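Trainee: got a sequence here, can you build the structure:
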Amino acid sequence: MKNLPSSRYATESLGDAYSRHKQFVDLAGKGKEVLELGCSTGFLSKHLVKNGCRVTGVEIDKDAAQAARSYCCRVETININDPNWINEIGASFDVILFGDVLEHLIDPLQTLKLSRSVLRPGGHVVISLPNVAHWTVRVKLFFGNFNYKDSGILDETHLRFFTHKTALQLIDDAGFSVTDYLPIIGGKLSGIFRPMWQLGATVIPGLLAFQMLFRVIPKSN
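Mentor: Predicted coordinates for the structure are as follows:
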């Protein structure tokens, strides 16, 4: 596996109203104390700060972490595959963000469970995951192809793969309930009849959602 830089995910624009980045920032909210896990260069942190949030970032790529310090009040270069990461945070937060992070982890369930301990009462978690059951991957599998890429659903740094069903199971097993679900479409067809594709992804998320965005809260005991 290549050691690909985290900065390859960075982008200047949030995109249109349907884009993953725009929806992700909107779900975080305004004026919140935010923990952004996998903050890369801080390209989303910048927009969170514009919304009045204070952002603590976690990023294992040291070069990307240095760039993120331009926007975050604090950035830690720790490996969240190590369960001791939670002890190094030393604070609590209104919002915790997992933006296309959990699929890169050895044990995403453990990491998601641990995040509850630094979530303030009334707080929420925003999770973005790629959908391995997207129709483009199904077509490739039909022809016997499962080739890794530098980015996208079959990013070669992904250790775990999720469908809509298994993403919901992960969230439930970690002790959270879904309050909002937003399917994100992508690929070459995303710019054609966008509202129609978005509606289709809402009705048939397992087939048409390129990425899956969830806003979740801890279950009531």
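
Trainee: who's in contact with the helix or strand harbouring I96?
Mentor: For I96, the enclosing helix or strand under DSSP states H and E is strand 93-99. The contact list for strand 93-99, computed with Cβ atoms under 8 Å, 6 or more residues apart in numbering, reads 24, 28-29, 32-38, 44, 53, 56, 112, 115, 118-120, 122-128. No exception for glycine: its C-beta is placed from N, CA and C like everyone else's.

Trainee: given that strand, what are its sheet partners and their directions?
Mentor: In the sheet, strand 93-99 lines up against strand 33-37 (parallel), strand 119-130 (parallel) (DSSP bridges).

Trainee: returning to what we had before: can you select the buried ones from the contacts of strand 93-99 in ChimeraX?
Mentor: Selection of the buried residues among the contacts of strand 93-99 in ChimeraX, burial being defined by 16 or more other Cβ atoms under 10 Å:
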select :24,28,29,32,33,34,35,36,37,38,44,53,56,112,115,118,119,123,124,125,126,127,128
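
Trainee: for the protein, what helix or strand is lowest in average pLDDT?
Mentor: Lowest on mean pLDDT, DSSP states H and E among the helices and strands of the chain sits helix 194-203, with a mean of 75.

Trainee: which of the residues in the next helix or strand after it are buried?
Mentor: Using DSSP H and E, the next helix or strand after helix 194-203 towards the C-terminus is helix 205-208. Residues of helix 205-208 classed as buried by neighbour count (16+ other Cβ under 10 Å): 205-206, 208.

Trainee: picking that back up, which elements pack onto the least confident helix or strand of the chain?
Mentor: Judged by 3 or more Cβ pairs under 8 Å, 6 or more residues apart in numbering; DSSP states H and E, the packing partners of helix 194-203 are strand 176-184, helix 205-208.

Trainee: what's the first helix or strand after the last one?
Mentor: Going back to what we said before, that points to helix 205-208. Assigned by DSSP H and E, the successor of helix 205-208 is strand 211-218.

Trainee: quick check, central residue of this structure?
Mentor: Compute the mean C-alpha point of the chain, and by Cα atoms, centre = their mean the closest residue is G99, 1.9 Å away.

Trainee: tell me how far it lies from I86.
Mentor: From G99 across to I86, the span is 18 Å (Cβ to Cβ, to the nearest Å).

Trainee: right, I'll call it a day here.
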